[in-house]
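Have a look; sequence and predicted model below, questions after that.
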Amino acid sequence: MTIPQDRLRNFSIIAHIDHGKSTLADRLLELTHTVEGRHMMSQVLDSMDLEREKGITIKARAVRLEYQARDGRTYGLNLIDTPGHVDFAYEVSHSLQACEGAILVVDATQGIEAQTLANVHLAMREGLTLIPVLNKIDLPSADPETIMDELENVLAIPREEVLLASAKDGTGVPEILEAIVARIPPPKGDPAAPVQGLIFDSHYDAYKGVIVYVRLAAGTLRQQDEIQLMASGARAEPLELGVFRPQLVPVKQLTAGEVGYVATGLKNVREAQVGDTLTTVADPAQLPLPGYQPAKSLVFAGIYPVSGEDYPLLREALEKLHLNDASFTYEAESSVALGFGFRCGFLGLLHMEIVQERLEREFSLDLIASAPSVEYHVKLLHDRGEIAIDNPALLPNPADIEVLAEPWVNLSVVTPSSYIGPLMELSTNRRGLFQNMEYLDPTRVVLHFEMPLAELIVDYFDQLKSRSQGYASMDYEELEYRAANLAKVDILVNGEPVDALSLIVHRDKAQTVGRILTEKLKQLIPRQMFEIPIQASIGSNVIARETVRAMRKNVLAKCYGGDITRKRKLLEKQKEGKQRMKRVGSVEIPQEAFLAILRMDEG
């Protein structure tokens, strides 16, 4: 059935990770009978195995609900479910641009977390109507009164606007549906104007090509209209238009204010980038809609197949995965130690872990990833320009570098006030600069730091959780590039540099890092028949060294008594053999050695 524009509502659900967002989406689907009872399962919108296992949303999903309100009229509600982890903040910003309102879900036992603050600011920047919901009020440890005070003081949300609910047992969910109808404004947009549609997501289908998820801002799109994408210039004849219920349901036309999909038949996701504007060839729009910035990779790592013959399979797997997740980048590279592989760019560490896990599961590959690094800006001497490098092995000779700059971020940490000391220490040890501190309520504070991104990506999050017993949460946004006194530490095994183990660190920490790494590698590299030196060096200056002792055969066992010269002769012969083996012998570096960098903890 067609629903007039004044009875359409577009909204998304925003929350910190694990505050019950997907469960609330399940209840909304159930109450509006969008999913039949026999197809109902928990976390309907989290369709990937990984999302269910980790209990997180990775990909934004859209769904159309038809709701019979208490005033007897039927409303069309377009829900866009968004991820809650900081790595996927860009997915959240797309989704919010396609909405007029947002449900802000806050856990009644945990209160405001760092990601909640970040998402609220994103929503306010887009001018959305917020519906605050306190979830999990059925738990014995819930404390709605305190958290309502917190919302009032920190986010200026009046307590009478807050709805109490428990998504698990369905309490308060009908009131949320009524609030969506009453509070969120209907979309604006002239159905007779030229078509303008914002693409907020896309996926690839083997039969229908690229399927773009679109929110029509103006105009009416019909099945027979030839479409054009304004940024890429690609043209296509749509194979199908439709809406999400959550599966794809074809319709004859989409009008201004509606959220739906267009199967374009295009073969390349690059032609239909998220943030592009869709219009028709016959009556094109004058201006594209204000798009959003393309997703920017912050963390880079090399991904290599464990066995060399899997390289073509890895390339194919990356191409397929990229069709459905255009937010990571990849390009071929080769390493002396690891052979052929790809240098990939990710939104953050969780994103890197998920991409690697999806490659291993969905394509049955055995992979090895090098240590994550960030992108550095290198200004060369004698005005030879500036280059960006994301692989420490490619850093030019220090003699040619005028300035080496690294990315910094604004970091906000929300924590119970009893953990301020340990978290201050953690952050300042990581070269963090303390900015200020504000109290959310008498027991919880937000700490603001500026910190180099490279210090944040290795294991800051794990340390943060362990020092605060799991209570602290963090969020960060990019700041700028700043010059720093950095040095490249090379690891040499048996005199040969291992490019996959080199890393860029602050010069003050270089010696400590070199010592930790060489000690770890000494434990991990198996003993050979000859001695293996493991060295960490900056340029030609060795800053740390460990030695893996040779295995020895007792050549003196057969000499009992007799002249000392016989023994000496046998030992000399053994020594020469070892020297010869050392020259021709090669050292196999086990996979754990590359993980050693990832696990270089504070100690």
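Arrived safely, thanks for sending. Since this is a predicted model, take the numbers as computed values, not measurements. Residues are numbered from 1 along each chain as shown.

where does this structure dip in pLDDT?
Within the chain, the segments meeting pLDDT under 70 span 1, 34-61, 81-95, 291-295, 323-326, 337, 580-603.

now the longest strand along it: how far from the chain's centre is it?
Longest strand of the chain, by residue count under DSSP state E: strand 401-416. Distance, stretch centre to chain centre, for strand 401-416: 17 Å (Cα atoms, centre = their mean, to the nearest Å).

Each with direction, which strands does that strand pair with?
Under the criterion DSSP bridges, strand 401-416 sits next to strand 376-380 (antiparallel), strand 444-452 (antiparallel), strand 473-483 (antiparallel) in its sheet.

Just the buried positions in it, please.
For strand 401-416, the neighbour count (16 or more other Cβ atoms under 10 Å) marks 401, 404-409, 411-415 as buried. For the C-beta atoms, the positions are set from N, CA and C on the backbone; glycine is no exception.

on contacts alone, who are the packing partners of the host helix or strand of L216?
For L216, the element it lies in under DSSP states H and E is strand 209-218. In terms of contacts (3 or more Cβ pairs under 8 Å, 6 or more residues apart in numbering; DSSP states H and E), strand 209-218 is packed against strand 196-205, strand 253-255, strand 259-263.

residue contacts, the nearest residue to V355 once chain neighbours are set aside?
Spatial nearest neighbour of V355, excluding adjacent residues (Cβ to Cβ, 6 or more residues apart in numbering): F328 at 5.7 Å. Shown in contact with F328 (Cβ atoms under 8 Å, 6 or more residues apart in numbering): 297, 321-322, 344-347, 351, 355.

ok, which stretches of the stretch 151-300 of the chain are strands?
163-164, 196-205, 209-218, 220-222, 227-229, 235-236, 240-245, 247-251, 253-255, 259-263, 277-280, 299-305 (DSSP state E, counting those that start in this stretch).

which ones are touching the residue nearest to A454 when sequence neighbours are not counted?
Distances taken as Cβ to Cβ, 6+ apart place V374 nearest to A454, at 4.9 Å, with adjacent residues excluded. Applying Cβ under 8 Å, 6+ apart, we find V374 in contact with 298-300, 390, 406-407, 453-454, 457.

can we see that at 6 Å?
407, 453-454 (Cβ atoms under 6 Å, 6 or more residues apart in numbering).

With G265 instead?
G265 makes contact with 209, 236, 239, according to Cβ under 6 Å, 6+ apart.

where's the first one relative to Y481, distance?
If I follow you right, that is G209. G209 sits 39 Å away from Y481, going by Cβ to Cβ, to the nearest Å.

next one: the last one
Computed as Cβ to Cβ, the L239 to Y481 distance reads 45 Å.

now the second one
Using Cβ to Cβ, we find A236 at a distance of 39 Å from Y481.

More neighbours: which of those two?
A236 (21 against 17; other Cβ atoms under 10 Å).

show me where the stretch 501-603 of the chain has strands.
Counting by DSSP E, counting those that start in this stretch, the stretch 501-603 of the chain has these strands, from start to end: 503-506, 532-538, 541-548.

looking at those, which is closest to A282?
Nearest to A282 among the strands of the stretch 501-603 of the chain is strand 503-506 (53.8 Å), distances taken as Cβ to Cβ.

sorry, back to before: out of the contacts of G265, flag the one nearest to G76.
Checking the contacts of G265 one by one against G76 (Cβ to Cβ), the nearest turns out to be L239, at 23.6 Å.

Tally up the residues packed near that closest one, please.
Using other Cβ under 10 Å, L239 is surrounded by 16 other residues.

got it, and Q273?
18.

P398 now?
Applying other Cβ under 10 Å, we find 12 residues neighbouring P398.

Ok, E226 next?
E226: 11 surrounding residues under other Cβ under 10 Å.

now swap in S370 and tell me
Applying other Cβ under 10 Å, we find 28 residues neighbouring S370.

which of the strands paired with strand 401-416 is buried the deepest?
Most buried of the strands paired with strand 401-416, by mean neighbour count (mean count of other Cβ atoms under 10 Å): strand 444-452, with a mean of 20.

for whichever helix or strand comes after that strand, packing partners?
Downstream of strand 444-452, the first helix or strand assigned by DSSP H and E is helix 453-457. If you count contacts as 3 or more Cβ pairs under 6 Å, 6 or more residues apart in numbering; DSSP states H and E, helix 453-457 packs onto strand 401-416.

what angle do the helix or strand that the strand it packs on is followed by and strand 473-483 make?
Next along the chain after strand 401-416, taking DSSP H and E as the criterion, comes helix 420-429. Angle, helix 420-429 to strand 473-483, by axes from the mean of the first three to the mean of the last three Cα atoms, to 10 degrees: 30 degrees.

Could you give me the buried positions within helix 420-429?
For helix 420-429, a neighbour-count test (16+ other Cβ under 10 Å) marks 420, 422-424, 426-427 as buried.

Distance from the chain centre to it, please.
Distance of helix 420-429 from the chain centroid (Cα atoms, centre = their mean) equals 24 Å.

again with stretch 161-170
Chain-centre distance of stretch 161-170: 29 Å, with Cα atoms, centre = their mean.

do the same with stretch 311-329
In terms of Cα atoms, centre = their mean, the gap separating the centre of stretch 311-329 from the centre of its chain is 16 Å.

As PDB, could you dump the C-alpha coordinates of that stretch?
Extracted in PDB, the C-alpha atoms of stretch 311-329 (Å, rounded to 0.1, in the frame of the first residue of the first chain):
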ATOM      1  CA  TYR A 311      47.900 -15.400  -3.200                       C
ATOM      2  CA  PRO A 312      45.400 -15.500  -6.100                       C
ATOM      3  CA  LEU A 313      42.700 -16.800  -3.800                       C
ATOM      4  CA  LEU A 314      43.400 -13.900  -1.300                       C
ATOM      5  CA  ARG A 315      43.200 -11.400  -4.200                       C
ATOM      6  CA  GLU A 316      39.800 -12.800  -5.300                       C
ATOM      7  CA  ALA A 317      38.500 -12.800  -1.700                       C
ATOM      8  CA  LEU A 318      39.500  -9.200  -1.100                       C
ATOM      9  CA  GLU A 319      37.700  -8.200  -4.400                       C
ATOM     10  CA  LYS A 320      34.600 -10.000  -3.300                       C
ATOM     11  CA  LEU A 321      34.600  -8.600   0.200                       C
ATOM     12  CA  HIS A 322      35.300  -5.100  -1.100                       C
ATOM     13  CA  LEU A 323      32.100  -5.300  -3.200                       C
ATOM     14  CA  ASN A 324      30.000  -5.400   0.000                       C
ATOM     15  CA  ASP A 325      32.300  -3.300   2.300                       C
ATOM     16  CA  ALA A 326      33.900  -0.400   0.400                       C
ATOM     17  CA  SER A 327      35.300   1.100   3.600                       C
ATOM     18  CA  PHE A 328      38.600  -0.700   3.500                       C
ATOM     19  CA  THR A 329      41.300  -0.200   0.800                       C
END
